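Enquirer: Using only what follows, build the 3D model:
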Amino acid sequence: MMVDWRPSAAPATLVIRARLLQRIRAFFQARDVLEVETPLLSRAAVTDPHIESFLVQDPLGGTPRYLHTSPEFAMKRLLAAGNGSIYQVCKVFRQGEASRQHNPEFSMLEWYRPGFNHQQLMSELDDLLRALLDGYLPLADTLRLTYLEAFQHYAGIDPFMASIPELQATVRQRGIEVIGLDQHHKDPWLDLLMTHVVEPALPPGGPVFIYDYPASQAALARIRQESPPVAERFELYFGGMELANGFHELTDAVEQRQRFTADLASREVNHLACVPLDERFLAALESGLPACAGVALGIDRLVMLAAGVKSISEVIAFDDAHA
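Expert: Next up is the predicted model:
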């Protein structure tokens, strides 16, 4: 039997990858941001109903562990302990994520800036992106749009005021095929319009930030109380591809526990695994997480842009099919 032992990425692409990692470290060193490492394995797991963790059983009968889907909780414990501005480059793991832009094991850059809000962090992310892609890809001017502006401009609808029937009508008008989508909640329909209408229409030549999401999509972001309330969250796109997700971070332990509990209820309704809460993270919030903003950037997708390739398998030395 012939076994394909060869890497999935070409040598020249791995050189680009290594150079981008060098630039990342140089960027943060120049800004006095500390590089840290946190565990890949944890007794707790992410509660987000849209993300599935890998469960690792101990063959000797010890406590099962979960491979982390992000270093976020552990990094916030470091922030609560007084470590100041920090960043991390690490592997993260998510079940069921395999496509042209997804691999179950992938690389993430995550960093946190005490004293920053999400607007300030968007500016720093823009600086980083331009420093990393310099010489690889020309970048047009950066565009910033609120979630409301993006939907009004590209989908012709107000995402905050539109009813579910109105969202469904917009989906039908766009000729999008829908099977089994939740008929009782807005967010799945908004997500569908985002991925099938808004994202493909974003300008291709430069960074595009979309920010101030619906409060129902806050995740771990603060909610700003206005009419309607908005989550101080942003996403970065380039060429219609999502590169990063950032928050003006929630620091309220009580509200965070409530969100986790709501996540678990949603997981139960959708017949997903019940996972243990990260009580150490919640205790860190209770002790006092400094006001901060944080963002996670997909390194593999960044390398895709720099190398001019279309599949994540081309930028990972050994993708899931070759591991």
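Enquirer: chain center to the longest helix seen in the chain: distance?
Expert: Ordering each helix of the chain by length in residues (DSSP state H) puts helix 11-30 first. Put simply, helix 11-30 sits 21 Å off its chain's centre (CA atoms, centre = their mean, to the nearest Å).
Enquirer: Give me the contacts around it.
Expert: 7, 9, 35, 87, 89, 109, 111, 127-128, 131-132, 136, 299, 302-303, 306-307, 309, 314-315, 317 (CB atoms under 8 Å, 6 or more residues apart in numbering). Glycine gets a C-beta too; all of them are placed from N, C-alpha and C.
Enquirer: Point out the other helices and strands that the helix or strand following it packs with.
Expert: Once the chain leaves helix 11-30, the next helix or strand it forms, by DSSP states H and E, is strand 34-35. The helices and strands touching strand 34-35, judged by 3 or more CB pairs under 8 Å, 6 or more residues apart in numbering; DSSP states H and E, are strand 86-93.
Enquirer: Flag every buried residue along stretch 114-123.
Expert: Pro114, Phe116, Asn117, His118, Leu121, Met122 (16 or more other CB atoms under 10 Å).
Enquirer: need the helices for the chain, in chain order.
Expert: Under DSSP H, the chain gives helices at 11-30, 72-80, 118-133, 147-154, 164-173, 187-193, 199-201, 253-269, 279-288, 299-307.
Enquirer: Just tell me which of those ends up closest to Gln217.
Expert: When the helices of the chain are compared for distance to Gln217 using CB to CB, the nearest one is helix 187-193, at 6.2 Å.
Enquirer: any residues touching that closest one, and which ones?
Expert: 151, 155, 157, 159, 164, 167-168, 170-171, 174, 176, 178, 181-182, 214, 216-217.
Enquirer: so how far is that helix off the chain centroid?
Expert: Using CA atoms, centre = their mean, the offset of helix 187-193 from its chain centre is 17 Å.
Enquirer: Would you mark the buried spots in it?
Expert: Pro188, Trp189, Leu190, Leu192, Leu193.
Enquirer: so Asn245 sits right up against Glu235, yeah?
Expert: Yes - counting by CB atoms under 8 Å, Asn245 does reach Glu235; the two are 5.3 Å apart.
Enquirer: what are the phi and psi values for Pro138?
Expert: phi -70, psi 140 (degrees, to the nearest 10).
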